[in-house]
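[1] Here's my sequence, what's the structure:
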Amino acid sequence: MILDALAPLPTTPPYYTMICSSDPKFALRHELVTYAFKKGIKAAARCYECSKNTVRKWVRRFASSHNQGLLPISRAPHSCPHKTSPALEAKCVAQRKKTPGFGSRRLIAEFALQIGHNALDRIFRHHQLTRPPKRRHHRKNDLRAVKAAYAPFTRFQMDVKYLTDLPFYWPQMQANGLPRFQYTLRELSCGAQFLAYSNELSKTYSTLAVDRFLTHLKNHGLDTAQIVITTDLGTENDGDTTHYQVGGFHWTIEQKHHAQHRFNPPACPNANADVESVHNTIETELFEAQVFSSKADFFAKTATYQLWYNAARKNSSRGYKSPADLLALKAPNISPTIFLLHPIPLESLLH
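    Numbers count the residues shown, from 1 in each chain. Down below sits the predicted model:
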């Protein structure tokens, strides 16, 4: 009888063995069994407001397995007749690996899989094929690694920075006739920047800036056929041009220097992130910190800043190395004098 189980509690293990359980009712069952051993089944049933059969069940389990007997027993069926077949499961896993960006519902719709989306989600979890969405800083780090793998001085982004919306610079610009637009070329592997300035935003000045830059690279022995320059779809970059004209921006890059010109996708500002990043940096470090007394002073300070940025300034996102440090590591055959292309007023090239 069950009353025979109401013997004194054992004083040796495993009764005093500690057990970790995620079941919140484990401690209550242990108290119930302990009370039943001391006071009896009926008293335990009255004290804990449960049936005598419930007390007997937990006493019986405790008597046979001690603490392990107080854990709940799964009521899941031992077999599942409608479980996904191994062949279908293998097919789903293989398709998931081919198209990791597709969710369960899209996989079912696109490839006519004979399975429910909940079952497919379970299979993905079992095979550890689910992935949490990458946070923004993870994506940025991954993209930095891709750009850092480029060969030095082969990938560039070009853009124009408006200087007419800088409150600290505006009065100086008006008083001294300083440039209104900055034409920027940003190298992606080492992070170097090359600047030029003008008083107008036009295709003519964009063409002069890129022609001067590519000629400078040729003079340092670089093969411009390996160079790719990306720009936005602005009119100054032939973004609105259907038939490219001889001597235009696109023609100068592709035909004169045999480099490649690529446009960023429409409505995708992140595609120009590198050059926009350097625009923000130069705004805070130069145009909001320096007073320019004349045009000569302006170009002296911008030349000094560009040289400092390329040769000495440590970039935190590139392992606290300057562009010159990275160039020496990645391409020691390229002379560091390649950084000596000082900013100029592009109007001077018209003559």
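[2] pLDDT below threshold where in the stretch 101-250 of the chain?
    Flagging of the stretch 101-250 of the chain using pLDDT under 70 yields the residue ranges 133-146.
[3] 90 instead, please
    Within the stretch 101-250 of the chain, the ranges that satisfy pLDDT under 90 run 101-104, 106-107, 109-111, 128-151, 239-245, 247.
[4] Where do the strands of it begin and end?
    Secondary structure of the stretch 101-250 of the chain (DSSP state E, counting those that start in this stretch): strands located at 155-162, 181-187, 193-198, 228-231.
[5] Checking my notes, residue 266 in a helix, right?
    No - Residue 266 is assigned coil when assessed by DSSP: H, G, I helix; E, B strand; the rest coil, not a helix.
[6] Next, count neighbours for it.
    Using other CB atoms under 10 Å, residue 266 has 9 other residues around it. For glycine as for every other residue, the C-beta is placed from the backbone atoms N, C-alpha and C.
[7] Next: the one 4 residues further on.
    Neighbour count of residue 270, defined by other CB under 10 Å: 11.
[8] what about residue 149, neighbour count?
    Residue 149 is flanked by 9 other residues according to other CB under 10 Å.
[9] Once you drop chain neighbours, what's closest to it?
    Nearest non-adjacent residue to residue 149, counting by CB to CB, 6 or more residues apart in numbering: residue 189, 7.8 Å away.
[10] check contacts around that neighbour.
    By CB atoms under 8 Å, 6 or more residues apart in numbering, the contact set of residue 189 is 147, 148, 149, 150, 151, 152, 153, 154, 155, 326, 330.
[11] Residue 301 now?
    Residues near residue 301 by CB under 8 Å, 6+ apart: 286, 290, 292.
[12] measure the first one to residue 280 for me?
    Yep, that's residue 286 we're talking about. Distance of residue 286 to residue 280, given as CB to CB, to the nearest Å: 11 Å.
[13] Specify which residue of these two has the higher count of neighbours.
    When neighbours are counted by other CB under 10 Å, residue 286 and residue 280 differ, and residue 286 comes out ahead with 19 against 10.
[14] Doesn't that one lie inside a strand?
    No - if the criterion is three-state DSSP, then residue 286 is helix and not within a strand.
[15] That one touches residue 305, doesn't it?
    Yes - between residue 286 and residue 305 there is a contact under CB atoms under 8 Å: 5.0 Å.
[16] What sits closest to residue 335 if chain neighbours are left out?
    Counting by CB to CB, 6+ apart, residue 220 is the residue found nearest to residue 335 once chain neighbours are left out, at 6.2 Å.
[17] An error on my part: the question was meant for residue 105.
    residue 117 (5.0 Å).
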